[in-house]
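Participant: Got a sequence here, can you model it:
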Amino acid sequence: MGQQLVGGSLLPDLRAPLKDLPQDEDCLFLDVYVPASNFDANGNPIKALPVVVWFYGGAFAFGAKELGDGISLYTGQAMVTATNNEVIFVAGNYRLGAFGWLAGRYMQSWGQPNAGLYDQALLLNWTNQYISRVGGNPDRVSAWGESAGAGSILHHLVREGGTVKPLFNTFLVQSPAFPWSWDNQPFGTLDETYLNFSQAAGCGRNFNITCLRNVSIDTLVNANDYLYQKVKDTGIYPVGPSVDGTWVQTIPALSFAYKQFYPAISGAIISHVYNESYSFTPNVRTQNDFDTFLAEFIPGPALAAVRSQIRSRYNCVAAPYHGDFKLCLAAVIGDSSFFCNTRDLYGAFPSVSYMMQYAFPSEADAAHASDLLPAFMNGIQDAVDIILNADPDFGEAKAYALATDLDESIKDVYQAYFGAFAASGNPNSGPPTRPFNWPVASPGESLSNVMRVQQYIPIFQSAFVLMTDRQNNASVCGFWTNIAYQIVNAKSADDSTNHFHKQPPTSNGAEYDEL
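Facilitator: Okay, here's the model as predicted:
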């Protein structure tokens, strides 16, 4: 899908149809970036280097391991440079849209739900098996991702209730995000999505995967594009990681609440941007618009009471929204699908998690994905090229101003923390090129000792400070965990392929080792 730059952010441009971009299931390729300096004169590796495996974002609908046109965003060059050639960077594709994420009861019996997760696991397995041949250390692998890629990493941690080793020791996630997708009952919403796709592909509203396997790739591409047409109106993406009874056993918030996650993680950087969800929020203007979104987000008469609880907690006519229904809905989306994912991950690994709030160049302009630039830019011109590739209408002068500001006040320190983490699992290791030691966050209603990245103003304001982050606080995230509990328990207990929770979580959002 096309992209546009909004407030300094690389975002999906829903005006551009998916069918205008290359799509094919034959996409499972990877790139490996290895420092040449780690080979001797005979071409043998000198030492075993740590490895970063990158999962790109794109709402599970678009994206690739490279942006094309010579754009170097996902080459890992910045991290290799930041570590003085002491890390290997791997980036691979995974299937997107209906190709990677069709799910539901029928797919559980006759296809492969969550195929994109298995593609990612294949990339991790390849790395584990072969990276030593180019000087990589399979025992020091770090999984990194942004948005959908970060949300995917979260799903690797809860795979099969946390019983499967994810083949990485540390992880770095920027804005972990994914849609809630749980209704895999027969003829539930996930099956309905399959039927819509089947009909658009010319196979009728039938459960006949053989038909889909025999139609042309162009037909499947058009059907995939059809699924995404209503995103323009609803703001809800049709596919993504879904409860399947195997890999994803329940809504992930409950996996974390019930300690159903893989525990052996030795380090984590967990980051989000300040203005996380506004760019994804439909332009709702009335209470009816807001209620219509909730009916799409959490559908069905059995969940009417759940929607009522959300309306009560997010009272759009009262403070702080004062009748701004889009701002109110942005809070719902931000809390449920972005901010509380960061709190869940912190709660799972509180002793090793370095938390970040990205607010550069301002809180309003720190939009989703804007933090990719300081992490991966290789200089001013490189950043300008990335910005203008995303949105040629952004303007060259504005692009240079933004890129220069990033280069002069943010990039070097930002990449020094990330590079140290890539090399050792600790952002404070190596030469003292950072303004201070970044501590793991401290628990509480709001997390403290969180790194905030913001505009540098000489004398008045530092670019990197420690602060208390109130955007993923315990009570709000406890509310959404309870909503998840009500959702999964509203289904029939006779549906044995789903995992039900007879007792609600006892945590109000506090860290899970305290349950």
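
Participant: Quickly find the element holding Ile270.
Facilitator: strand 267-273 (DSSP states H and E).

Participant: Mind listing residues that contact whichever helix or strand comes after that strand?
Facilitator: Following strand 267-273 in sequence order, the next helix or strand is helix 287-297 (DSSP H and E). The contact list for helix 287-297 (C-beta atoms under 8 Å, 6 or more residues apart in numbering) reads 180, 234-236, 282, 284, 307, 310-311, 316-317, 325, 328-329, 332. Where you see a C-beta, it was placed from the backbone N, CA and C, and this is true even at glycine.

Participant: What residue, apart from its backbone neighbours, is nearest the residue nearest the centre of the chain spatially?
Facilitator: The chain has Ser147 as the residue nearest its centroid, 2.6 Å off, counting by C-alpha atoms, centre = their mean. Take Ser147 and drop its neighbours on the chain: the residue closest to it by C-beta to C-beta, 6 or more residues apart in numbering is Gly57, 2.9 Å away.

Participant: Please apply the same query to Gly92.
Facilitator: Distances taken as C-beta to C-beta, 6+ apart put Leu30 closest to Gly92, at 3.5 Å, once the chain neighbours are dropped.

Participant: Now do the same for the one you found: its pLDDT.
Facilitator: What the model reports for Leu30 is a pLDDT of 88.

Participant: And for it, the neighbour number?
Facilitator: Leu30 has 15 neighbouring residues, counting by other C-beta atoms under 10 Å.

Participant: Next, the contact list for it, please.
Facilitator: Leu30 is in contact with 65, 90-93, 123, 126, counting by C-beta under 8 Å, 6+ apart.

Participant: hmm, try it at 10 Å
Facilitator: With contact taken as C-beta atoms under 10 Å, 6 or more residues apart in numbering, Leu30 is in contact with 53-54, 65, 90-93, 122-123, 126-127.

Participant: what's the closest of the residues you listed to Leu157?
Facilitator: Checking the contacts of Leu30 against Leu157 with C-beta to C-beta, the nearest one is Val53 at 14.2 Å.

Participant: On the three-state scheme, Gly63 is what?
Facilitator: Classification of Gly63 by DSSP: H, G, I helix; E, B strand; the rest coil places it in coil.

Participant: Quick check, it in contact with Asn93.
Facilitator: Yes - counting by C-beta atoms under 10 Å, Asn93 is a contact partner of Gly63 at 8.4 Å.

Participant: what sits in contact with each of those two?
Facilitator: Common contact partners of Gly63 and Asn93 (C-beta under 10 Å, 6+ apart): 55-56.

Participant: thinking again about what came up before, is it true that the residue nearest to the centre of the chain touches Gly58?
Facilitator: Yes - contact criterion C-beta under 10 Å: Ser147 and Gly58 qualify, at 6.9 Å.

Participant: which of the contacts of helix 287-297 lies closest to Ile217?
Facilitator: Distances from Ile217 to those, taken by C-beta to C-beta, are shortest for Ile236, at 26.2 Å.

Participant: Can you pull the phi and psi angles for the closest one?
Facilitator: Backbone geometry at Ile236, expressed as degrees, to the nearest 10, gives phi -110, psi 120.

Participant: Pull the distance from stretch 130-149 to the chain's centre.
Facilitator: The chain centre lies 17 Å from the centre of stretch 130-149; the measure is C-alpha atoms, centre = their mean, to the nearest Å.

Participant: just stretch 290-301 next, same as before
Facilitator: Here stretch 290-301 is found 23 Å from its chain centre; the criterion is C-alpha atoms, centre = their mean.

Participant: Could you export that stretch as PDB, CA atoms only?
Facilitator: Provided in PDB are the C-alpha atoms of stretch 290-301 (Å, rounded to 0.1, in the frame of the first residue of the first chain):
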ATOM      1  CA  PHE A 290     -18.600   6.700  17.700                       C
ATOM      2  CA  ASP A 291     -21.100   4.000  18.500                       C
ATOM      3  CA  THR A 292     -21.000   2.700  14.900                       C
ATOM      4  CA  PHE A 293     -17.200   2.300  15.200                       C
ATOM      5  CA  LEU A 294     -17.600   0.400  18.500                       C
ATOM      6  CA  ALA A 295     -20.200  -1.900  16.800                       C
ATOM      7  CA  GLU A 296     -17.500  -2.800  14.200                       C
ATOM      8  CA  PHE A 297     -14.700  -3.000  16.700                       C
ATOM      9  CA  ILE A 298     -16.500  -5.300  19.200                       C
ATOM     10  CA  PRO A 299     -19.500  -6.600  17.200                       C
ATOM     11  CA  GLY A 300     -22.600  -8.600  18.200                       C
ATOM     12  CA  PRO A 301     -25.500  -8.300  20.600                       C
END
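
Participant: so where do the helices sit in the stretch 101-250 of the chain?
Facilitator: Listed in chain order, the helices found in the stretch 101-250 of the chain under DSSP state H, counting those that start in this stretch are 105-110, 115-130, 148-157, 189-200, 209-214, 217-227, 231-234.

Participant: which outside residues touch the fifth one?
Facilitator: When contacts are defined by C-beta under 10 Å, 6+ apart, helix 209-214 is touched by residues 98, 102, 106-107, 109-111, 194, 197-198, 201-204, 206, 208, 219-220, 223.

Participant: Check which residues of it are buried.
Facilitator: Buried residues in helix 209-214, counting neighbours by 16 or more other C-beta atoms under 10 Å, are found at 209, 212.
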